[in-house]
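> Give me a 3D structure for the following:
(one chain, ligands or ions: 1)
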Amino acid sequence: MLRDVFLENRTCRTFDESRKVTREELLEMVELARLSPSTANVQPLCYKLVTGEDVKKIQPLTKWGGALPELHLPPEGHRPTAFIIICQDAKKFGDPAKFQRDVGICALAISLGANEKGLACCLIGAFDKAKLQEAAGLPEGVEPQLVIGIGKPDEERRVTEVRDGSTKYYRENGVHLVPKRGMDDIII
Ligand SMILES: Cc1cc2nc3c(=O)[nH]c(=O)nc-3n(C[C@H](O)[C@H](O)[C@H](O)COP(=O)(O)O)c2cc1C
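As a prediction, this is how the structure comes out:
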């Protein structure tokens, strides 16, 4: 059932590094993004796939778990084993701000594709754009929009109810808890 999939498809920030995500698996995830809806069907996005040793170049340029800075996520030895960098060629398709909805839709497609393979993701909007462009070897004009860290999950994550109005994620007994607003709160 889709609801079960969406419940399970939580952001992950601790991974089992012994499970290496392959380029072929990343291609299957991007295929889902390729088939996704797009503003005026322009399809302005392109993807940089990062696996193997190159992963080490990308990790330090990303910022994880801003609400839990004391945990320094992801912990050393528990980092993602692949990244997909969602990019846009600004020279070809114009201002990337016009296509941020496309980025979100494609990111969700990729994360669901990862989930189906027993993997999990962290979507990362906080990254050093200039350094990433260089480290990932992106052609001139191709701008990173969103980074997705991918690996086999090695932490328990669960949806919980919003308490005292806070939607901040937190940890209790080692479990990562993600408060989601109730239906009463979001229906106008
Ligand atoms: C567009 C976008 C950007 C995000 N950027 C970051 C980020 O830079 N670092 C991070 O650790 N998590 C990031 N996240 C993950 C969110 O923190 C996460 O989705 C939220 O805590 C809810 O958890 P859930 O994905 O399990 O529902 C981002 C999520 C989205 C949708």
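> now stretch 56-63: mean pLDDT?
Across stretch 56-63, the average pLDDT comes to 98.
> Any idea what Tyr47 is bridged to?
Ile86 (DSSP bridges).
> From here on, call the first residue 8.
All right, first residue 8 from here; so that's Tyr54.
> Would you confirm that it contacts Val37?
Yes: applying CB atoms under 8 Å, one finds Tyr54 in contact with Val37, separated by 5.0 Å. In short, each C-beta sits where N, CA and C put it, glycine included.
> any common contacting residues for those two?
Counting by CB atoms under 8 Å, 6 or more residues apart in numbering, the common neighbours of Tyr54 and Val37 are Ile91.
> pull the longest helix from this structure.
Scanning the chain for the longest helix, with DSSP state H as the assignment, gives helix 107-123.
> From the chain's centroid, how far away is it?
The chain centre lies 8 Å from the centre of helix 107-123; the measure is CA atoms, centre = their mean, to the nearest Å.
> and the helix or strand that that helix is followed by, which strands flank it?
Moving toward the C-terminus from helix 107-123, the next helix or strand (DSSP states H and E) is strand 127-131. Applying DSSP bridges, strand 127-131 is found paired with strand 149-160 (antiparallel).
> So what's the gap between the strand it pairs with and the chain middle?
Offset of strand 149-160 from its chain centre (CA atoms, centre = their mean): 5 Å.
> quick one: that strand to helix 107-123, angle?
20 degrees (axes from the mean of the first three to the mean of the last three CA atoms, to 10 degrees).
> Measure how whatever helix or strand comes next after strand 149-160 sits relative to strand 127-131, angle-wise.
Once the chain leaves strand 149-160, the next helix or strand it forms, by DSSP H and E, is strand 164-168. With the same axes, to 10 degrees applied, the angle from strand 164-168 to strand 127-131 works out at 70 degrees.
> Quick one: list the elements packing against the helix or strand that strand 164-168 is followed by.
Sequence-wise, the next helix or strand downstream of strand 164-168 (DSSP H and E) is strand 177-179. For strand 177-179, the packing partners by 3 or more CB pairs under 8 Å, 6 or more residues apart in numbering; DSSP states H and E come out as strand 182-187.
> mind checking how far the strand it packs on is from the chain centre?
Distance of strand 182-187 from its chain centroid, counting by CA atoms, centre = their mean, is 17 Å.
> which parts of the chain sit against the ligand?
Contact residues (CB under 6 Å from any ligand atom) of the chain with the ligand: 17-18, 70-72, 129-133, 164, 176, 185.
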